[in-house]
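Participant: Build me a model:
(chains A and B)
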Amino acid sequence: MKTSLAPPRVLPARPSVPGPLNRFLAFAKAAYAGLTPDQKAGALVALTAAILSVWNVVQATGYQDDEGTYTAQALSSLRGDLAPYTYWYDHPPLGWLQLAGLSWIPLVLGQGGESAVGQMRYVTAVFFVCSAVLVFLVARRLQLRTPIAVMAGLLFSLSPLSLVLGRQVFIDNVGVPWLLLSFYLALCPQVKLWNHIGAGLCFAVAIMSKETLAIFGPTLLLALVHRPFWQTRLFSVVGFLSAGGLALAFYPLMAALRGELITGQGHVSLQDALSFQFISREGSGSFFDPASDRAELVQGWLYYDSPLILAGLGASLLCLLRHDTRWIPAGLLLFSVPVVLGNGYLPAMYIIASVPFLALAVAVATDLAWRTVTRRVSSLPGFGEQAAPSKNTLLFRRLVRAGTAAVLVIALGALLLPHWLPINRSVLTAHENADWDRTLQWTKDHLPHEDTALVPYSMWSDLNADGRHDPWKVIALEKMDRDSDFEVHHDGWRDIDWIIEGPSTGRNIDGLGLTNASIALENSRVVATFGAWKVREVLNDGARSTSTAPGA
Amino acid sequence: MMLTTILAVVIGILLIGISVSLLIIAVSTLYVTTHAWWDPRTQASTSYEELMPEMAHSFSLIMPCRHESELVMRTTLDHLCSQDHPNVEVIISVGHDDPKTVAIARKLAAERPEMVRVSVDEGAVKNKPRQLNTALALCRNDVVGVFDAESIAAPSLLRHVDSCFQAKEADVVQGAVQLINYRDTWYSLRNCLEYFMWFRSRLHAYAKRGFIPLGGNTVFIRREVLSSVDGWDSDCLAEDCDLGVRLSVRHRKIVIAYSPHLVTKEETPDSIPALIKQRTRWSLGFMQVFAKRDWATLPTLRQRAIAWWTLMQQHFMAFTGLCIPICIITAIFGKFPLGVTMLTFIPLIPTVAALAFDMCMLREFGRDHGFKIRTYDYVRLVLATPFYQILLAYSALRALIKFRQSDFRWEKTRHAGSHLGYLGARA
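Facilitator: Modelled structure (predicted):
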């Protein structure tokens, strides 16, 4: 082969064409350089939270039925309905309407192939990041030092409670950033009326995302007014209350416009829903009864993050020392009332809203400790601020600061890390949904499209999207008993051909009193098992009548 | 079938459009009415400057009168003449076709010949701006001020205004006017509160944006500035607003100042027809000013937009109170989709919130002027709102019709002197 003897052409060094990633990095670098130190700190919190919010989020934690419910309702609202089944005022719809509004985000991020709930978890990640940044911003509004405010944001983002519950598709996670934003606005140092009106509106959005957040109302009002008198205070309070109250009125207004405000024959109503949630729903028992669901739930929360819960509660007492942070212990106190004194139904995700408060309490206490030590040192004879700053005093002061910072960091690390590391490692690496995935795949492959199946809500959207598109062919478990439309489409439990049984199926049947579902389950046989997941075929040829005592 | 669907869609889109506009109007109205209470700093910035040690200006005060009683005129004049400013002259401005008032004016002037003179307007067409222009020719001092015949000036007002001219190097200082006979009729409470909002808050909001429709009472203008724009527009029904617009366009420095103890006190119109006449005149005046298009010569689009909005908002506002319920009823009975129906309710949020702020303002009005506001007054305020809104809408509509017919006759408000009974109320 003849090699070319042509002299190598000497070309001027071509500037390397930047790839899209390089261009983005260059842009990010330039943008970052233009930020103030505070904005850089906020960006750091946002970046950390963003990474944590999506890391392994589809694999762990296990998909919950509530996540499936909100996902299904969000997807259904994209088609113009508030829910795939009869909307019965279980919650105000704004939570999943927001999820629906942002449901394009995972597709843009190239995460289109996940399960419906998994995909919606990427949407929840947006709210997770907002919450983390807002914890940082609220801490800055409380005039905590920037590193300590960053710490507050990181405490929130790294708490196992956030990593486990905060990344799931719960409407609490949608409401929390609105709640934090309302605190941020209420604490506006220039006491601006429009910020306070905004605080009222944001709080209304928070409540209409998840109604349990209403418990923070008095705390928010306290945060707003509990500071030295200012001339326009009356206007601020009236603006806050009227804007918030009027926006909130849109929920009952919606019910009234649908003719479903007051209880009545043949339709669901807001009144019925409220009386179910607050009165007739089976309670979680007493906090003081160790065998109750409530005590078990609290144990569960403590299992995930006892250090932050206990340290936060302790630190919140120190918050009483500062005039402008007293709302933090007040918020935690109000939040604890239903947990400790109540007997009603306590949802597992209730704890989510308290995590920012706990993180802020720890941050305020840390800031107090820092200030106390540095102030004490300044007042030492010979080393005080008044002393002529000789080389030695400056060195000493610097040493004391570094020492204090090191002690605080080590103390917090020793308190939190031994507990956090194993749990967080598991959340960030485990594959808890492998069985769920296999069950879904098997079901898609084997269940005839014309058959009727009773499925957990966590799997509902995926099965429905699998060419079935009929909420009365793929039925969410509780709808068989709890939506009267079931009778329009089916004639009793015998119409059910399949049941997908997950780890929560039995608990839901007991907890919600699902009689028909229970009978169908009893009259079925397992055809496939994947860990805790089973696919059952219903023996609908009448092996047992409805009158047979269960468990026989 | 097809036709009804198309009709429904068209009405639905209309409803959405109208609701969004109503929301914008209601929010912007709320924005200007609450401006003074945005934060303590804004509140502080709306008040008069500290008193200067030396007075640097001399004042010519014009007091336009038409069909006034001697009691009303004498009281007003007494308050002007007893100002503690060293350099003041008063010119009572009257029309030759109103001999009774001319006689009273001459009699009152004769009592203080060194201080008070009378200007008689001999022109065939009679209105306030023409009277003012005739009187302006007689003025000799640096600053020209206007006081309506039925207004009660605070004794140290001029010294504060003088200080304001000095401290802010102003060309115009607009003082505040307050109606005070709030207990007299159902509408007077609303009317009083409206003045309170206007001078306490709205004018300051406009001033911040640099486009100010001036008021016609307790307004002070440097004489050479006034002469440079040829005085008041003698054919405009809102000559005060027009002057403000023309001076704003020329970037003259206009300062709005409020202090509860320095407001000029006035009375509300003594009957509903009188109120409607006054309102129609104002609305028509604003329309005239709008049609004159002085505002359109402003250099930037943003400035023109602000000017456009400031002049138009008055009219829009009058109708929002009526349009909101109409939209809601249409949406409900037309069985529009839930989202559309809910949207028609959204303008209610700022509208009802404004009512809550009205109550706060009433409280402050009472505190500022030493009136004891009772629960009954708050209830009255709320209950009167829809009816007052109807009056405003009716007046605006009347003005619009007159505008189309080019009927710009001056409908004068009669003064009964009922505010005089409230003067003792201040602690």
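
Participant: List, one by one, the residues from the stretch 1-150 of chain B near chain A.
Facilitator: B:Thr34, B:Trp37, B:Trp38, B:Asp39, B:Pro40, B:Arg41, B:Gln43 (C-beta under 8 Å from any C-beta of the partner chain). All C-beta atoms are positioned from the backbone trio N, CA, C, and that covers glycine.

Participant: OK, contacts around the fifth one?
Facilitator: In this structure, B:Pro40 makes contact with A:Val191, A:Trp230, A:Gln231, A:Thr232, judged by C-beta atoms under 8 Å, 6 or more residues apart in numbering or on different chains.

Participant: On the pLDDT front, check the single nearest residue of the stretch 351-500 of chain A relative to chain B for me.
Facilitator: Of all residues in the stretch 351-500 of chain A, A:Asp485 sits closest to chain B, at 19.2 Å by C-beta to the nearest C-beta. Here the pLDDT value assigned to A:Asp485 is 89.

Participant: Quick check: chain neighbours aside, which residue is closest to it?
Facilitator: In space, and not counting its chain neighbours, A:Asp485 is closest to A:Thr86: 5.9 Å by C-beta to C-beta, 6 or more residues apart in numbering or on different chains.

Participant: Count the residues that sit near the one you found.
Facilitator: 16 (other C-beta atoms under 10 Å in any protein chain shown).

Participant: Pretty sure it sits against A:Ser484.
Facilitator: Yes - in this structure, A:Thr86 is within contact of A:Ser484 by C-beta atoms under 8 Å, at 7.5 Å.

Participant: excluding its backbone neighbours, what's nearest A:Ala223?
Facilitator: A:Ala223 sits nearest to A:Trp327 (C-beta to C-beta, 6+ apart), 3.9 Å away.

Participant: Also A:Arg141?
Facilitator: A:Leu187 (4.4 Å).

Participant: Check which helix or strand B:Phe220 maps to.
Facilitator: Remark: B:Phe220 resides in strand B:219-222, with elements defined by DSSP states H and E.

Participant: So which other helices or strands are in contact with whichever strand or helix holds B:Val118?
Facilitator: According to DSSP H and E, B:Val118 maps onto strand B:116-121. Under the contact criterion of 3 or more C-beta pairs under 8 Å, 6 or more residues apart in numbering or on different chains; DSSP states H and E, strand B:116-121 touches strand B:88-95, helix B:99-111, helix B:128-136.

Participant: which residues touch residue 179?
Facilitator: You didn't say which chain, so I picked chain A. Contacts of A:Leu179 by C-beta under 8 Å, 6+ apart are A:Cys202, A:Phe203, A:Ala206, A:Leu213, A:Phe216, A:Ala353, A:Pro356.

Participant: oops, I was thinking of chain B
Facilitator: Listed by C-beta under 8 Å, 6+ apart, the contact set of B:Leu179 reads B:Ser188, B:Asn191, B:Cys192, B:Tyr195, B:Lys265, B:Glu266, B:Glu267, B:Thr268, B:His419.

Participant: what would these look like in JSON lines with neighbour count?
Facilitator: JSON lines is the format used below for the contacts of B:Leu179 (neighbours: other C-beta atoms under 10 Å in any protein chain shown):
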{"residue": "B:Ser188", "neighbour count": "23"}
{"residue": "B:Asn191", "neighbour count": "24"}
{"residue": "B:Cys192", "neighbour count": "27"}
{"residue": "B:Tyr195", "neighbour count": "20"}
{"residue": "B:Lys265", "neighbour count": "21"}
{"residue": "B:Glu266", "neighbour count": "23"}
{"residue": "B:Glu267", "neighbour count": "25"}
{"residue": "B:Thr268", "neighbour count": "26"}
{"residue": "B:His419", "neighbour count": "24"}
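
Participant: hang on, the earlier thing: so what does the residue nearest to A:Asp485 look like in phi/psi?
Facilitator: phi -60, psi 120 (degrees, to the nearest 10).

Participant: okay, which residue is most central for the chain?
Facilitator: Just so you know, I chose chain A. Computing the C-alpha centroid of chain A and ranking residues by C-alpha atoms, centre = their mean puts A:Asn173 first, at 2.6 Å.

Participant: Just say helix, strand or coil for that one.
Facilitator: Three-state assignment for A:Asn173 (DSSP: H, G, I helix; E, B strand; the rest coil): helix.

Participant: per-residue confidence for it?
Facilitator: According to the prediction, A:Asn173 has pLDDT 98.
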